[in-house]
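Asker: no sequence on this one, just coordinates:
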Ligand code: NOJ
């Protein structure tokens, strides 16, 4: 009898779930019939996302995963690598569990899979949307070839506090650029067809405002006005969802006193009712149970709150799995709320085509042939080179000649395992290309390379250990700092030029890698000082996942190339730029302060009633510090090239723009140097008078162009009412008539100005 019943059930489920969903109603019906068969426990099982335990970021509450899958108590798994391992788990779900519902497999595919691209902050500095989309496409291709169908990316949290370690995982400080990148990433991951075997469902994170953690301390309280949320922080999430992202992750932080994971205003009023999002919401890692520590109830209470607020899936806590039945019996929640969450998870599995073929992403042959291929690695090399930002190049010290003797010195010079940077769980760290290897590849026998480490990452061994976890050691040298340094100086004195590879380690930024002192660590700076004192020219190759305080470096070193963490091919890419095979074109997407006390510092600030304006610093009773000027060392949008560009005055097609008209702005950009190069032409506006105060500058458009030496190109932008609109005091998105300034230039400060009136 029992076997007959299960036979019937299997028949109904298969009939209900096979064949591609053609319309949402046919999917709805299939889900209806499937859900009609599900027990309450099985429904709660769909809401459960335990970690597979291979790469965890906290304490896993789950155990006996296989048994749970068999009982129908698991909706998906994450951070499990390889087709074999994934197939094994999927097999349990679709062969041993009662209803045979396939699992969804997620992973932090953040900036590439095995082939890694620059960390997101670096990637954003390419300002190249096609390129960024292509990196996400390639990441999806590789990860899906290896069994994954869901990625926890893009991270679109706006960040303006360089102390926060996770600034490295996002696209910087700007709302408009961040939104454009969010869209490009989603398009790249998801393609046109989520059920294709080479696409991933995107999970936008961390909703919301995670990047505004107080004091740059990870997971910390966020307290923000609606004005700022709507105008600055929320648009990138919305842009990613409008681009079709299938899921979104609730952030760890609280908003208005309620953790995002249980914040009904956020997860229902804004996300569902205002924005019309139809996908599913997953918590962050242990985000549900962490609300006990936040102090808003015990596990049962916080789980009920999360469900009520609109959370659909619980990552790791198992609060929804283990407490909702009790809450239901007690009348604290209702079954419709559980059904809704369960339906959303099943819908996602339908979209991914898992009901058609649960092994759709489990093709061993693809795993062998499509991952970490020479072609993918060659592309990653190109992308990395495009992400580097040339911060200083006095007397055209760069590019270097491919001859003579070059001293390569620094703790990051021969450190293949650091090159991919943070959140690169799937990559082959030891096959990444170090700078030393890259220089050898590019120079061959044409030049002599002398190498020495020169210093440890930090004098403090414990700090260095904390900043080199996950086996990403920098092989600490136990000798005293001056001995390590002297060894390097002996080499440096023999060289024609010194390349100093210093900065942060890969994990000196990223999750729980906040820093209060964001300079190059002192022992490395001592090395730099000693290298400069040799009198040889020193090129600083800076590895970092955040803006650092580079005031001393800017004043004392002739050339600085910021290479972030460029990914698996970083070393080759850096050598490409150092020796002039590639002309750098990256532009900063976050401001580099001169002092940590200036944080938060960002170009799109508001004016005070007492702006310093053109007045001299220091001026009493105006907005300025006593001890440091208001300027950054390097502003948003800044980055040099081996060539130079000039801009004509911007020309507008009209002086008065009607509300329903568009405005065309054109500018001639000329490559005035002797090398071909690429330039990011940036357009900013200022709304001079508003019903609420408006930023002194806002990026509204940009174009990246290639110009041959001596070539001139006309660049044209079009603005419409939407580009001039903002959220007013009633949170209505409107454009207000009045005068606007338009600025065009190669960074946020070096610009040419024009004006128009909106009528
Ligand atoms: C915690 C991180 O905050 C999040 O970004 C990540 O996706 C999850 N862990 C899963 O690994």
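Answerer: Arrived safely. Nothing here was measured: the structure is a model prediction, and the numbers come from that model.

Asker: alpha carbons only for contacts and neighbour counts from here, please
Answerer: OK.

Asker: for the ligand, see how far away residue 339 is.
Answerer: 25 Å (CA to the nearest ligand atom, to the nearest Å).

Asker: where's that residue, which helix or strand?
Answerer: helix 335-351 (DSSP states H and E).

Asker: packing partners for that helix?
Answerer: Using 3 or more CA pairs under 8 Å, 6 or more residues apart in numbering; DSSP states H and E, the elements in contact with helix 335-351 are helix 24-37, helix 40-46, strand 280-282, helix 299-309.

Asker: measure how the first one sits relative to helix 335-351, angle-wise.
Answerer: When you say that, I think you mean helix 24-37. Computed with axes from the mean of the first three to the mean of the last three CA atoms, to 10 degrees, the direction of helix 24-37 lies at 120 degrees from that of helix 335-351.

Asker: most packed of the helices and strands packed on helix 335-351?
Answerer: For these, average neighbour numbers computed from mean count of other CA atoms under 10 Å are highest in strand 280-282, which has a mean of 27.

Asker: ok, residues contacting that strand?
Answerer: Around strand 280-282, the neighbours that count as contacts under CA atoms under 8 Å, 6 or more residues apart in numbering are 246-250, 267, 310-315, 341, 344-345, 348.

Asker: ok, now with 10 Å
Answerer: 47-49, 152, 203-207, 245-251, 261, 267, 271, 288, 310-315, 340-348 (CA atoms under 10 Å, 6 or more residues apart in numbering).

Asker: show me what contacts residue 260?
Answerer: Going by CA under 10 Å, 6+ apart, the list of residues near residue 260 reads 206-210, 249-254, 266-267, 283-284, 287-288, 291, 306, 309, 311.

Asker: report the separation between the spatially most central residue of the chain and the ligand.
Answerer: Centrality entry for the chain: nearest residue to the mean C-alpha point is residue 170, 3.0 Å, by CA atoms, centre = their mean. For residue 170, the distance to the ligand (CA to the nearest ligand atom) stands at 11 Å.

Asker: pretty sure that residue sits against residue 158.
Answerer: Yes: counting by CA atoms under 10 Å, residue 158 is a contact partner of residue 170 at 7.0 Å.

Asker: what do these two both touch?
Answerer: 178, 211.

Asker: contacts only, for residue 693.
Answerer: Here residue 693 is in contact with 606, 607, 608, 687, 728, 729 (CA under 10 Å, 6+ apart).

Asker: which among those residues gets closest to residue 88?
Answerer: residue 728 (53.6 Å; CA to CA).

Asker: pLDDT at that closest one, what is it?
Answerer: For residue 728, the model assigns a pLDDT of 98.

Asker: cool, the one 10 residues further on as well?
Answerer: Per-residue confidence (pLDDT) for residue 738: 98.

Asker: make residue 1 into 11 and carry on from there
Answerer: Yep, numbering from 11; the last one is residue 748 now.

Asker: contacts only, for whichever residue of the stretch 511-660 of the chain sits closest to the ligand.
Answerer: Nearest residue of the stretch 511-660 of the chain to the ligand (CA to the nearest ligand atom) works out as residue 521 at 7.0 Å. Going by CA under 10 Å, 6+ apart, residue 521 touches 67, 174, 175, 176, 177, 178, 179, 228, 229, 432, 433.

Asker: one more time with 6 Å
Answerer: Contact analysis of residue 521 by CA atoms under 6 Å, 6 or more residues apart in numbering lists 175, 176.

Asker: same check, this time on the one 3 residues further on
Answerer: With contacts defined as CA under 6 Å, 6+ apart, residue 524 is in contact with 173, 174, 175, 227.

Asker: and of those residues, the nearest to the ligand?
Answerer: Lowest distance from the ligand to the contacts of residue 524 (CA to the nearest ligand atom) belongs to residue 175, with 11.6 Å.

Asker: and the furthest pair within the contacts of residue 524?
Answerer: 175 and 227 (8.3 Å).
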